[in-house]
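A.B. asks: sequence unknown, structure follows:
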């Protein structure tokens, strides 16, 4: 009886782990237009234009044409699900710029929330994301 209970508990925990893993990797493409993610991008962009020399003092006021162009799901060899998104950013000076961003599941501070990296065309002065935002495309 004890052996049967141990086997049952082991199977139940493996099943639960599989459900959690698949739930984390099966989010919809609507994640690209998540208002919390977009607000974080706006805040980080504000910090960037304030602290990087010779960038125009502008803000992102609106996101348009938001789309997901690639999704790499969670897997045994890929412990982090990645969602690659793109949009057109309307800036406060009236110009439009292409923005590319990457959402990494559960890669926020201390593993809470999602991690976000972004690149606005023409604003990567130090080529952090390589030429033409290649790293986050």
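C.D. replies: Yes, it's here. Quantities reported herein were computed from a predicted structural model and do not represent experimental measurements.

A.B. asks: Residue 78 contacts residue 105, correct?
C.D. replies: No - checked against CB atoms under 8 Å, the pair residue 78 and residue 105 is beyond contact range at 10.6 Å. C-beta: built from backbone N, CA, C; applies to glycine.

A.B. asks: Now the element after the helix or strand hosting residue 50, going C-ward?
C.D. replies: If you go by DSSP states H and E, residue 50 is part of helix 35-51. Following helix 35-51 in sequence order, the next helix or strand is strand 60-72 (DSSP H and E).

A.B. asks: Which residues in that next one does the neighbour count mark as buried?
C.D. replies: By neighbour count on 16 or more other CB atoms under 10 Å, the buried set for strand 60-72 is 60, 63, 66, 68, 71.

A.B. asks: Looking at residue 78 and residue 105, which has the bigger crowd around it?
C.D. replies: For residue 78 versus residue 105, the count of surrounding residues by other CB atoms under 10 Å is larger for residue 105: 19 against 11.

A.B. asks: ok, and the closest non-adjacent residue to that one?
C.D. replies: Closest residue to residue 105 apart from its sequence neighbours, by CB to CB, 6 or more residues apart in numbering: residue 81 at 4.1 Å.

A.B. asks: Near residue 39, how many other residues are there?
C.D. replies: Each residue near residue 39 was counted by other CB under 10 Å, and the total is 11.

A.B. asks: who touches residue 99 in this structure?
C.D. replies: Applying CB atoms under 8 Å, 6 or more residues apart in numbering to residue 99 gives the contacts 41, 60, 63, 86, 87, 88, 89, 118, 119, 120, 121.
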